[in-house]
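Chemist: When you get a sec, could you give me coordinates for this:
(one chain, ligands or ions: 2)
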Amino acid sequence: MSSSPQDQVRRVETAFSRIVGHPPTGVWSAPGRVNLIGEHTDYNAGLCLPIALPHRTYAAAAGRDDGLLSVTSLAEGLGGSPTVVPVADISPENPGGWAGYVAGMVWALREQGYAVGGLDIVLTSSVPIGAGLSSSAALSCSVGAAVSGVYSLDLLDHEEARKVLVRAAIRAENDIVGAPTGGMDQTVALLAQERHALRLDFRSDEVTPVPLDLEAAGLALLVCDTRASHVLADGQYAERRATCERAASVLGVSSLREVLPDELPGSLARLDEVSARRVRHVVTENARVEACVEALVREDFGEVGELFVESHASLRDDYEVSCPELDAVVAEALAAGALGARMTGGGFGGSAIALLLRGLVDAATSAIEVRFEREGWRAPECFAVTPAGGAYRDL
Ligand code: ADP
Ligand code: MG
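Modeler: Ligands and ions are numbered 1, 2, ... in the order given. Next up is the predicted model:
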């Protein structure tokens, strides 16, 4: 569906020259992500295991000496004309909308004391927008990489420097865009490595690469954007978070991460029926992330698939955040012979993933498409992915 990285780089470079009137200093990019396992665990000080996608957002940039930030996105529906704001005036809602992710990054780096002045930035992306694949962090982090490059901040040079960009991107989303974000997306966009997943521990903030060479194993990871979005999502997310916080306080722990699987029956007995099921999901999901990491190290992909299936059942039945479209992708992928499949992301729409032999990708994709057509749903978008690297300079 999307063109090659080289095509994207050319496209954004050419568009920059047309819009700004001279070539960019460079082009930088950052990836979207998909979470393999560990859902609704981030706000419970838990574990997750995302990979970076080959889909990236590309930022062509150059400095300007009048203190203005001018940003243009080539994404469909955004008009393709520049949004302009003085960097000194960036604040919540100024600029509003999508440009807030870009301006927020400039603002956050200036807040952290970096000497960042005016910029021209032009953006293009192959990350599906709003599909739960983190187009927002791909955007803010590609811009962070570009700002660092243009103003020689050297923030891509090593892990600690990249973590400065991670924190800036989180602040950009929280403080300027006004979107709550746990930090998974920004961490992957900046710290991911090719052919690896990243084990993220939200209690210790540890980031650990886990080898995942799908190609060598003859496997593929199919991502399926259902293009469904159920209006429930925001309210239900806040409600799940509140339930987890209440349950932790009833159990007298700082977070649900402190509830050990061995103690689960005793803990659940102290909670009302709904809270007990929510807590059971979180505690068992953390255990499944650990089991998945061990299975990947052993290259036991059959076990990985079983863990995907268990995770999906837990999210559907105990956490109640799935929806008919996500359940259908999982059912059709498994019927087509996938080792495992599950919803990924917050739920109520967005994307699902399936782990399967490379030779089964086409059959699984058409089974899913046929099912969606029969149900009268919007056509889904399915694509096979391999784990890509974090932000870097392309040109
Ligand atoms: P997700 O991150 O899962 O794709 P979000 O709702 O967090 O969904 O972020 C989507 C928003 O990010 C879009 O509505 C838009 O404001 C912004 N965005 C993402 N990619 C681009 C892009 N290429 N150009 C302009 N805005 C973008
Ligand atoms: Mg996002």
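Chemist: Around ligand 2, which positions in this structure sit nearby?
Modeler: The chain has residues 134, 136 near ligand 2, with proximity defined as CB under 5 Å from the ion. (Glycine included, C-beta is placed from N, CA and C.)
Chemist: and the chain, which residues reach ligand 1?
Modeler: Residues of the chain lying close to ligand 1 (CB under 6 Å from any ligand atom) are 57, 73, 75, 78, 98, 101, 123, 125, 129-136, 139.
Chemist: can you do 8 Å?
Modeler: 32, 57, 73-75, 78, 97-101, 123-125, 127-139, 173, 177, 179, 181, 185, 345, 350 (CB under 8 Å from any ligand atom).
Chemist: Show me the residues you listed that map onto strands.
Modeler: Judged by DSSP state E, the subset of the residues of the chain next to ligand 1 located in strands is 32, 57, 73, 123, 124, 125, 350.
Chemist: burial count for the nearest residue to residue 99 once chain neighbours are set aside?
Modeler: Excluding its sequence neighbours, the residue lying closest to residue 99 (CB to CB, 6 or more residues apart in numbering) is residue 83, at 4.2 Å. Under the neighbour criterion other CB atoms under 10 Å, residue 83 is assigned a count of 20.
Chemist: what's across from residue 83 in the sheet?
Modeler: When bridges are called by DSSP bridges, residue 83 pairs up with residue 71.
Chemist: Now for it: which residues touch it?
Modeler: Taking CB atoms under 8 Å, 6 or more residues apart in numbering, we find residue 83 in contact with 70, 71, 72, 95, 97, 99.
Chemist: Apply 7 Å and report the result again.
Modeler: Each residue near residue 83 by CB atoms under 7 Å, 6 or more residues apart in numbering is listed here: 71, 95, 99.
Chemist: just residue 49 next, same as before
Modeler: Per CB under 7 Å, 6+ apart, neighbours of residue 49: 35, 36, 37, 38, 197, 199, 210, 289, 292, 293.
Chemist: Among these, name the ones in helices.
Modeler: 289, 292, 293 (DSSP state H).
Chemist: hmm, back to that, put together TSV for the ones in strands among the residues of the chain next to ligand 1, with pLDDT on each row.
Modeler: What follows is those, written out as TSV (pLDDT from 0 to 100):
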residue	pLDDT
32	98
57	98
73	97
123	98
124	98
125	97
350	94
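Chemist: Filter those residues down to the buried ones and hand me the ChimeraX line.
Modeler: The buried residues among these can be selected in ChimeraX (16 or more other CB atoms under 10 Å) with this line:
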select :32,57,73,123,124,125,350
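Chemist: Distance check, residue 277 against ligand 1.
Modeler: 26 Å (CB to the nearest ligand atom, to the nearest Å).
Chemist: Show me what the one helix or strand that residue maps to is packed up against.
Modeler: Using DSSP states H and E, residue 277 falls within helix 273-298. Contact here means 3 or more CB pairs under 7 Å, 6 or more residues apart in numbering; DSSP states H and E; on that basis helix 273-298 packs against strand 47-48, strand 207-211, helix 233-251, helix 264-268, helix 301-313.
Chemist: Out of these, flag the one nearest residue 161.
Modeler: strand 207-211 (14.0 Å; CB to CB).
Chemist: Would you mind getting the angle between that closest one and helix 273-298?
Modeler: 60 degrees (axes from the mean of the first three to the mean of the last three CA atoms, to 10 degrees).
Chemist: Make TSV from the contacts of residue 83 and add distance to residue 363 and neighbour count to it.
Modeler: Shown next, in TSV, are the contacts of residue 83 (distance: CB to CB, whole Å; neighbours: other CB atoms under 10 Å):
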residue	distance to residue 363	neighbour count
71	43	23
95	46	20
99	42	26
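Chemist: Adding distance to residue 226, write those out as CSV.
Modeler: Listed next are the contacts of residue 83 as CSV, based on distance: CB to CB, whole Å:
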residue, distance to residue 226
71, 30
95, 31
99, 28
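Chemist: any idea which of those is the one closest to residue 151?
Modeler: Closest to residue 151, out of all of the contacts of residue 83 and judged by CB to CB, is residue 71, at 15.8 Å.
Chemist: which residues does that closest one contact?
Modeler: With contact taken as CB under 7 Å, 6+ apart, residue 71 is in contact with 82, 83, 99, 102, 121.
Chemist: Just flag the most distant two among these.
Modeler: 82 and 102 (11.1 Å).
Chemist: out of the two, which sits in the busier spot?
Modeler: More neighbours surround residue 102 than the other of residue 82 and residue 102, with 31 against 17 (other CB under 10 Å).
Chemist: Whatever residue of the stretch 151-300 of the chain ends up closest to ligand 1: neighbouring residues, count only.
Modeler: Residue nearest to ligand 1 within the stretch 151-300 of the chain: residue 179 (6.3 Å; CB to the nearest ligand atom). A count of neighbours around residue 179, defined by other CB under 10 Å, yields 13.
Chemist: Which residue is the nearest non-sequential neighbour of it?
Modeler: residue 173 is the one closest to residue 179 (CB to CB, 6+ apart), at 4.8 Å.
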